[in-house]
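K.L.:
Predicted model and sequence below, questions to follow.
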Amino acid sequence: MIYGIGTDICDIRRIQASLERHGERFAAKVLSDAEMATWKARSARWPERGVRYLATRFSAKEAFSKAIGLGMRMPMTWRLCEIGKLPSGQPVIVLHGVLKEWFEAKGLSAHITVTDESEYAASFCVVETSSTVRP
Ligand SMILES: CC(C)(COP(=O)(O)OP(=O)(O)OC[C@H]1O[C@@H](n2cnc3c(N)ncnc32)[C@H](O)[C@@H]1OP(=O)(O)O)[C@@H](O)C(=O)NCCC(=O)NCCS
């Protein structure tokens, strides 16, 4: 049964502006350690791809935060929600710490999809529950 859905659209120029203002500190607030390593590698090779990577992660995390009904409130935090990748390229939600515990205790599972165009990144998330009783 569907537990919740969430969507988000992110203006890539705003992410660019935050990066210009706060530098790596901004990326480190939003990205997990594994994502940070990917972001650094992409930014080093092609800075624009780094900004896009950060924008799609930003929108996916916000979409997930809405699908679980918490928004950016504990136990939901930017860094505890990681957007990983399957060998096929499909994005997957990988949770850590107290967020992972909270999510698993509720018997939830998540599906995420992301997209970006010249100026925007957008994401859509579906969270399912193994329970047949409405939350
Ligand atoms: C959910 C959240 C991450 C979205 O913030 P945002 O990127 O600035 O705004 P967006 O335009 O992308 O999304 C806003 C929409 O998210 C939805 N939303 C808000 N809280 C939500 C929640 N807990 N669960 C699911 N959806 C939520 C609402 O539909 C809202 O639109 P509305 O205000 O017109 O009804 C943000 O509102 C948040 O973190 N909220 C929790 C923290 C909070 O509420 N702090 C203030 C305490 S009073």
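P.N.:
Ah, there it is.

K.L.:
which stretches of the chain form strands?
P.N.:
Secondary structure of the chain (DSSP state E): strands located at 2-11, 81-85, 91-95, 108-116, 120-129.

K.L.:
Please identify which of those strands is closest to residue 35.
P.N.:
Minimum separation from residue 35 across the strands of the chain (CB to CB) falls at strand 81-85, 5.9 Å. Placement of C-beta: from N, CA and C, glycine included.

K.L.:
And the closest one, what's buried?
P.N.:
81-83 (16 or more other CB atoms under 10 Å).

K.L.:
Name every strand pairing with it and say which way it goes.
P.N.:
Applying DSSP bridges to the sheet, strand 81-85 is found paired with strand 91-95 (antiparallel).

K.L.:
Show residues contacting the strand it pairs with.
P.N.:
32, 60, 64, 80-86, 103, 110-114, 125 (CB atoms under 8 Å, 6 or more residues apart in numbering).

K.L.:
What mean pLDDT does it get?
P.N.:
Strand 91-95 shows a mean pLDDT of 98.
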